Structures are given as structure tokens and as C-alpha cells.
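Visitor: My questions are about this predicted structure, shown below with the sequence.
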Amino acid sequence: MELKQLQYFVTSVDLGSFKKAADALYTTQPHVSKTIKALEDELGLTLFDRHPVGVTITEAGKQVYTHASDILRRCGQIAQVEADGGCEPLHVAATPSGFLADLTAKFCRDRQALDLRYHEGSMEDILQKLHRHEADLGLVALTRRKLAGFGQIIDKKRLTLEVLCEDSPCLFVGADHPLRQAGSVDAAALRTLSFIQPPDGLFALQPAALIGQDADSPGRIQTNSPLLSRRLTETGAACVIGCRWMFPEDCTLHPVTIARCEERICLGLVKRGRGELSDAEREFVTFIRQQLKC
């Protein structure tokens, strides 16, 4: 039995097909199928039922998947033993967020023996990191409206989603912005404002979710950099949509309530359905829950 066989098998289960596994592993579908067939022959088990439109995992395959996932995770930890001196792993993939980065830094402040890997990226990046066992936790920000559809996607990928926090969106403005002293703003008035927004697919809350696809704002700034968004908003050049849990209490940005807005922004925790978290990862999730103020 080879680790490559287990990797191909686990990836095929996670993605639901040999073709998708081949794409993720940068190989061909026949090679994936041949490798898994060799594993089945060696084990004397049928791990997948083959169908014209794809494959489904068998009951025996489900049991092997649990053990194979654990073996791959342990092998990753073994590979890091010499480099990290036995440090506890904390492998996180997250939506770009200054708030989440600040919380992670705060968590790590008093923990010296920690193997931290923190990656920021799109929804697709985060899911791919989890599939490849390059991350064990995913933190994603998305609207309640998008939650159901996203839940269906991660179900197909054998992942789980837990909503850690949700809150109503606000408009965040800097000290010199005309709305700084406003108690609230009507959603219709958002059409006249210049927004900072992330690239499509990076963060599920776009201004269009609140003001319509035909919004004609005077300016549009697109970036996936939380730092640049903060700086541009602080100078009053533009504003950004978010919610209070995304910004620290000492933040210079001012939240303005969006009147008659029924949308909600959620922070979701994504992980593999059968994956076990390390002690550091469990402590990190507990810490995030404690710090959230929703």
C-alpha cells in the first residue's frame, strides 16, 4: 500500500468523482482509476461502485476513508516533526479579513510551540486547501442569502459548515466621510456612494446584494487587501460594507446602520466531515467563539 493510493482515494471521495480528483491532483482520470483499482485489489475490497455518470463510495470504502484520512494527516505531521520540533499544528484557510488576522495574531501571542499556516484566499482556494489536507479549518464570510447554496456545495465535497456568528450589515466610513454623523442610511442612498469591494467570488457580500445589479456608483475600487480597504476608508475616499464583528472596538471607522435591510452576514467554520482537529485547532475555534460579539 502506498501513500499515493490513499491520497488518490481520499481526494476522489472528497470531490465525488475520479475526473475531479484527477484535475485537483494534476493527473489523468485513467491514472486515478488505475491507482484506486490497485488499492482495491490489494485490500480485497470494493471501495467504489462504478456508474456511467460517476462513482459512489461503498460501506467498506467509508470505513477505509476514515482511516486513510487520518493516515494522511498524521503523515503531514510527521513530515513537520524535524522542522517544527514537535509544535502543535494550526492550519487555517480564511477569507481575507483584518479582523480574523488580528484574532489569529492575538491567539498566537502566548503560544510559542505552534506550527501556524494561515492562508487567505477565495472560497475556491479555501475549499481546495481543505480537500488537499493543506488546511484543517476554513473561515468564510458570506451572506445568509448565499448560505444555503454554499451549504450544498460543501455537502457535495464531504465538508461541514457551522455558523459561528451573524449580524446585520453596516456601512463603514472614515472620519471625513459625509455620512460620519449619520445615524442610518437608506439602502437606496447607497447607489450614490463609492464602494470598496472584493473581486467576484472572494467574498459573497457585494454592494449589488443590497442595492441591485444596476447600481451606478460614482466610483468602484476592487481589492482583496484588507489593509488597503482600511486605509482608503479611513481617508474618506470610499466606504465599505461589513458588520461590527469584522472590526475591532478601537477601529477608527464608523458604522452606519443600513435601514430596512433584512440581509445578514455570517462567519462560517468549514472543516472536513470526518476530520479530527488537533488540540491547537480546537483551542483556536473556542477562542474565536469567545471573541465574537454578535
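Guide: Now that the structure is in, tell me what you want to look at. Just so we're clear, the structure is a prediction, and the values are computed from it rather than from any experiment. Numbers count the residues shown, from 1 in each chain.
Visitor: residues of stretch 277-292 that come out buried?
Guide: 277-278, 280-281, 284-285, 288 (16 or more other C-beta atoms under 10 Å). From N, CA and C alone the C-beta is placed, and that goes for glycine too.
Visitor: can you pull the contacts of the nearest residue to residue 223 once chain neighbours are set aside?
Guide: Closest residue to residue 223 apart from its sequence neighbours, by C-beta to C-beta, 6 or more residues apart in numbering: residue 229 at 6.2 Å. Applying C-beta atoms under 8 Å, 6 or more residues apart in numbering, one finds that residue 229 lies in contact with 98, 196, 223, 240.
Visitor: Next up, identify which helix or strand the last one is on.
Guide: What it means is residue 240. According to DSSP states H and E, residue 240 maps onto strand 240-242.
Visitor: helices or strands up against the following helix or strand past that strand?
Guide: Going down the chain from strand 240-242, the next helix or strand is strand 254-259, by DSSP H and E. Applying 3 or more C-beta pairs under 8 Å, 6 or more residues apart in numbering; DSSP states H and E, we find strand 254-259 packed against strand 170-173, strand 184-186.
Visitor: what about this structure, any weak spots by pLDDT?
Guide: Under the criterion pLDDT under 70, the flagged ranges of the chain are 76-86, 197-220, 248-250, 274-275, 293-294.
Visitor: Show me where it has its helices.
Guide: Using DSSP state H, the helices assigned to the chain run over residues 3-15, 18-25, 29-43, 59-79, 81-84, 98-108, 123-131, 144-156, 208-211, 226-234, 279-291.
Visitor: Can I get the ones you listed in JSON lines including distance to residue 251?
Guide: Below are these laid out as JSON lines (distance: least, C-beta to C-beta, whole Å):
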{"stretch": "helix 3-15", "distance to residue 251": "38"}
{"stretch": "helix 18-25", "distance to residue 251": "38"}
{"stretch": "helix 29-43", "distance to residue 251": "48"}
{"stretch": "helix 59-79", "distance to residue 251": "37"}
{"stretch": "helix 81-84", "distance to residue 251": "34"}
{"stretch": "helix 98-108", "distance to residue 251": "9"}
{"stretch": "helix 123-131", "distance to residue 251": "25"}
{"stretch": "helix 144-156", "distance to residue 251": "24"}
{"stretch": "helix 208-211", "distance to residue 251": "21"}
{"stretch": "helix 226-234", "distance to residue 251": "8"}
{"stretch": "helix 279-291", "distance to residue 251": "14"}
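Visitor: how about stretch 257-275: buried residues?
Guide: The neighbour-count criterion (16+ other C-beta under 10 Å) identifies 258, 261, 263-272, 274-275 as the buried residues of stretch 257-275.
Visitor: Which members of the residues you listed are the farthest-apart pair?
Guide: Farthest-apart pair in the buried residues of stretch 257-275 is 258 and 274; separation 40.0 Å (C-beta to C-beta).
Visitor: now residue 184: how far from residue 190?
Guide: 12 Å (C-beta to C-beta, to the nearest Å).
Visitor: before we move on, what about residue 150?
Guide: 24 Å.
Visitor: Quick check: closest non-adjacent residue to residue 167.
Guide: Spatially, and ignoring its direct neighbours in sequence, residue 167 is nearest to residue 243 (4.1 Å; C-beta to C-beta, 6+ apart).
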